[in-house]
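Enquirer: sequence unknown, structure follows:
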């Protein structure tokens, strides 16, 4: 078989508009963006505050002690990390849903 060019990857069917068929390419969809956000939230949720965040000055204690302003960018990042740590149980549910969907639909 001959290698298909980009122009020959277009498919024309009766009654359907011309569309480009992507073969072998990974499309960025809303589902993949949701999975990416879930993966990032999982990564933040597993950070240990005593062993990882506190030595780097990213714990809530840095804001309480006055070392970091709550309105600064660093203070906002600390707030997001602290908020994600409360989402551990909803993350378990969301991970279960994603695993189920991937098992059923591939």
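Expert: Received it, and whenever you're ready, just let me know what you need. The structure presented is a predicted model; accordingly, all values stated were derived computationally and were not measured.

Enquirer: Need the three-state assignment for residue 58.
Expert: Following DSSP: H, G, I helix; E, B strand; the rest coil, the label given to residue 58 is coil.

Enquirer: Can you give me the buried ones in stretch 60-79?
Expert: Residues 60, 62, 63, 68, 78 are the ones in stretch 60-79 that count as buried (16 or more other Cβ atoms under 10 Å). Where C-beta positions appear, they are placed from N, C-alpha and C, glycine not excepted.

Enquirer: Please identify which pair of these lies farthest apart.
Expert: Pairwise distances across the buried residues of stretch 60-79 peak at 9.7 Å for 60 and 68 (criterion: Cβ to Cβ).

Enquirer: residues shared between the contacts of those two?
Expert: By Cβ atoms under 8 Å, 6 or more residues apart in numbering, residue 60 and residue 68 have these common neighbours: residue 78.

Enquirer: sorry, back to before: of the buried residues of stretch 60-79, closest to residue 104?
Expert: residue 78 (38.4 Å).

Enquirer: Output the contacting helices and strands for the one helix or strand that closest one maps to.
Expert: Residue 78 belongs to helix 73-85 when assigned by DSSP states H and E. Here helix 73-85 touches helix 30-45, helix 60-64, going by 3 or more Cβ pairs under 8 Å, 6 or more residues apart in numbering; DSSP states H and E.

Enquirer: tell me which strands and helices the last one is in contact with?
Expert: For helix 60-64, the packing partners by 3+ Cβ pairs under 8 Å, 6+ apart come out as helix 73-85.

Enquirer: Next, the angle helix 30-45 makes with the helix it packs on.
Expert: Using axes from the mean of the first three to the mean of the last three Cα atoms, to 10 degrees, the direction of helix 73-85 lies 100 degrees away from that of helix 30-45.

Enquirer: average pLDDT for helix 73-85?
Expert: Mean pLDDT, helix 73-85: 87.

Enquirer: Give me the pLDDT value at residue 104.
Expert: Listed pLDDT for residue 104 reads 93.
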